[in-house]
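J.: Sequence first, predicted model second:
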Amino acid sequence: MTSAQPLKPANIQNIVAINQGKKPLTMSTPMAKGLTVDQAKGLMADGRLIIDCRESSVFGGGHIPGAYNVQLSGGEFEQRVGWVTPDDSRYVLLCEKDEDAQAAIFKMAFIGLDSQVDGFVKGGIKAWMAAGQQLQTVGQMDVHTLNHKLNTNGLQVLDVRSEDEWNDGHIKVAHHMTYTAMVPQLTAPAQIGNLAIPKDNSIGVVCATGQRSSTAISLLLRHGWSHLYNVTGGMVAWEDAGFEMVDGDGIVCAV
């Protein structure tokens with residue numbers, strides 16, 4: 001069980017500064033600058049973080065090693081970027097389409113992160129591949145395969161949803177760590193080092209639908225876990241399939 005006190009994202013200080021008038025809020029429409037692959041690589045070498053805004057399955061099919069997967073389609077895109085990256089980060093965006101970068105930076109402006117975006121990779125992952133750059137992949141696993149592997153070869157499963165979601169119903173053998181707890185927050189250190197799954201184990205990572213789990217996988221990859229599978233459809237699909245779940249007290253709550 002985690003503390004009853006909610007975590008405060010590192011970026012909360014940025015938000016407070018805006019609310020207090022100590023940091024200006026962008027009043028005009030922010031624009032992201034297009035970058036060549038070489039320019040993006042140079043910025044990455046200087047410590048810029050890649051925010052891959054594409055869908056989980058596309059990210060899994062091939063992404064820039066070390067990228068954070070935070071889906072633009074998610075209703076909490078900008079908040080999730082603020083949750084998983086340090087508040088002083090600078091970013092390079094990678095999107096499915098170049099125009100998506102403008103939508104991403106516009107959303108990031110709501111919490112003052114637009115000024116920390118140095119640009120986006122023009123041409124996206126296709127340009128990265130055309131330049132002969134390395135890609136990393138993540139396997140995708142449906143809930144039926146997950147259920148089979150849990151019962152046959154001891155695959156580990158990690159649930160990265162919130163405490164409330166976990167208590168409402170989870171897979172009995174699952175480990176639990178919210179994706180936000182994996183990184184440092186304003187009031188708590190990163191907990192990823194406390195994850196009780198060896199780095200050489202195969203892990204199916206699950207959330208509600210498959211978005212936060214892909215974000216969590218991008219964090220785990222950065223910390224040395226490599227045998228990872230994103231569970232497509234997440235716990236919604238698991239419950240729809242009629243597989244057993246238990247509540248926070250370990251009592252069966254759905255079959």
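T.: Sure, I can see it.
J.: Which residue ranges of the stretch 151-255 of the chain form strands?
T.: 156-159, 175-176, 203-206, 228-231, 245-246, 252-254 (DSSP state E, counting those that start in this stretch).
J.: Any idea which of those strands gets closest to G119?
T.: The closest of these to G119 is strand 228-231. By C-beta to C-beta, the value is 27.5 Å. (Each C-beta comes from the backbone N, C-alpha and C, glycine too.)
J.: re earlier: minimum distance to I192: which of the strands of the stretch 151-255 of the chain has it?
T.: Nearest to I192 among the strands of the stretch 151-255 of the chain is strand 156-159 (10.9 Å), distances taken as C-beta to C-beta.
J.: From the contact counts, what lies against the closest one?
T.: On a contact count with 3 or more C-beta pairs under 8 Å, 6 or more residues apart in numbering; DSSP states H and E, strand 156-159 meets strand 175-176, strand 203-206.
J.: residues of stretch 159-177 that come out buried?
T.: 159-163, 165-167, 169-171, 174-177 (16 or more other C-beta atoms under 10 Å).
J.: okay, which residue is most central for the protein?
T.: Central residue of the chain (C-alpha atoms, centre = their mean): T215, 1.5 Å from the mean position.
J.: give me the number of residues near N153?
T.: By the criterion of other C-beta atoms under 10 Å, N153 has 8 neighbours.
J.: got the contact list for the residue lying closest to L72 once chain neighbours are set aside?
T.: Distances taken as C-beta to C-beta, 6 or more residues apart in numbering put C53 closest to L72, at 4.0 Å, once the chain neighbours are dropped. Counting by C-beta atoms under 8 Å, 6 or more residues apart in numbering, C53 makes contact with 70-72, 77, 93-96, 100-101, 104.
J.: Can you say which of those residues are buried?
T.: Counted by 16+ other C-beta under 10 Å, those give 70-72, 77, 93-96, 100-101, 104 as buried.
J.: measure stretch 181-201 end to end?
T.: For stretch 181-201, the first-to-last residue distance is 20 Å (C-alpha to C-alpha, to the nearest Å).
J.: Same check on stretch 42-58?
T.: Stretch 42-58: ends 24 Å apart by C-alpha to C-alpha.
J.: What average pLDDT does that stretch get?
T.: Mean pLDDT, stretch 42-58: 98.
J.: Relative to the whole chain's centre, how far out is it?
T.: Using C-alpha atoms, centre = their mean, to the nearest Å, the mean C-alpha position of stretch 42-58 is found 12 Å from that of the whole chain.
J.: Buried ones in it, by neighbour count?
T.: By neighbour count on 16+ other C-beta under 10 Å, the buried set for stretch 42-58 is 43-44, 48-56, 58.
J.: So I105: helix, strand or coil?
T.: Put simply, I105 is helix when judged by DSSP: H, G, I helix; E, B strand; the rest coil.
J.: Give me the contacts around stretch 199-206.
T.: 141, 146, 149-150, 155-161, 171, 174, 197, 213-214, 216-217, 220, 224-231, 234-235, 238.
J.: if we go to 6 Å?
T.: Outside stretch 199-206, the residues that touch it by C-beta atoms under 6 Å, 6 or more residues apart in numbering are 141, 146, 155-159, 197, 213, 216-217, 224-225, 227-231, 234.
J.: ok, now stretch 228-240?
T.: In contact with stretch 228-240 (C-beta under 6 Å, 6+ apart) are residues 56, 60, 138-143, 146, 203-210, 213-214, 217, 220, 254.
J.: Need the buried ones from those selected in ChimeraX.
T.: Selecting only the buried entries of those in ChimeraX, with 16+ other C-beta under 10 Å as the criterion:
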select :56,60,138,140,141,143,146,203,204,205,206,207,208,209,210,213,214,217,220
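J.: Return the subset of the contacts of stretch 228-240 lying in helices.
T.: Using DSSP state H, 56, 60, 143, 146, 213-214, 217, 220 are the members of the contacts of stretch 228-240 that sit in helices.
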